[in-house]
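[1] Please work out how this folds:
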Amino acid sequence: MKSPYDVIRRPIVTEKANLDKERHNCYHFVVPMKASRQEIKEAVEKVFNVKVEDVRVMIVHGKVKRVGRSIGKRPNWKKAIVQLKEGYSIDIFEGL
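    Numbers count the residues shown, from 1 in each chain. Purely as a prediction, here's the structure:
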């Protein structure tokens, strides 16, 4: 079994994620490509000691970048949007 810290790689702190947190109590995380919704839910509940209502996942495609004549591509990555139940919050985001 994977450690919960292997499933949640890092939080995403952007303006859109911050608005989502304030309006809908949703938090954004970068997760491994093979992580399932159930694994993400269990990991967030164990690490942050909260109750999860819903998990949405999406694959963000990497951008094509150019340096001179050579063209490269950034890797694809997976984003999880976790909605917590009413009354719960994650404290590490509150100070940001």
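[2] only C-alpha atoms for contact and neighbour calcs from this point on.
    Will do.
[3] OK, contacts around residue 46?
    Applying C-alpha atoms under 8 Å, 6 or more residues apart in numbering, we find residue 46 in contact with residue 4.
[4] One more: residue 48?
    Taking C-alpha under 8 Å, 6+ apart as the criterion, residue 48 is in contact with residue 90.
[5] let's see it at 6 Å
    Not one residue lies near residue 48 by C-alpha atoms under 6 Å, 6 or more residues apart in numbering.
[6] What of residue 36?
    For residue 36, the contact set (C-alpha under 6 Å, 6+ apart) is empty.
[7] gap between it and residue 7?
    Look at residue 36 and residue 7: by C-alpha to C-alpha, to the nearest Å, they are 9 Å apart.
[8] Spatially nearest residue to residue 56 (excluding sequence neighbours)?
    Among residues not flanking residue 56 along the chain, residue 81 sits closest, at 5.1 Å (C-alpha to C-alpha, 6 or more residues apart in numbering).
[9] what's the helix or strand for that neighbour?
    Assessed by DSSP states H and E, residue 81 sits inside strand 77-84.
[10] who's the spatially most central residue of the chain bridged to?
    Per C-alpha atoms, centre = their mean, the C-alpha nearest to the average position across the chain is that of residue 29, at 1.4 Å. Taking DSSP bridges, one finds residue 11, residue 80 as the beta-bridge partners of residue 29.
[11] and the residue nearest to residue 90 when sequence neighbours are not counted, backbone torsions?
    Spatial nearest neighbour of residue 90, chain neighbours left out: residue 48 (6.5 Å); criterion: C-alpha to C-alpha, 6+ apart. Torsion angles at residue 48 (phi, psi; degrees, to the nearest 10) stand at phi -100, psi 0.
[12] And the closest residue to residue 73 other than its chain neighbours, what's its pLDDT?
    Closest residue to residue 73 apart from its sequence neighbours, by C-alpha to C-alpha, 6+ apart: residue 64 at 4.4 Å. For residue 64, the pLDDT comes out at 96.
[13] thought residue 64 was touching residue 71?
    No - assessed by C-alpha atoms under 6 Å, residue 64 is found out of contact with residue 71, at 7.1 Å.
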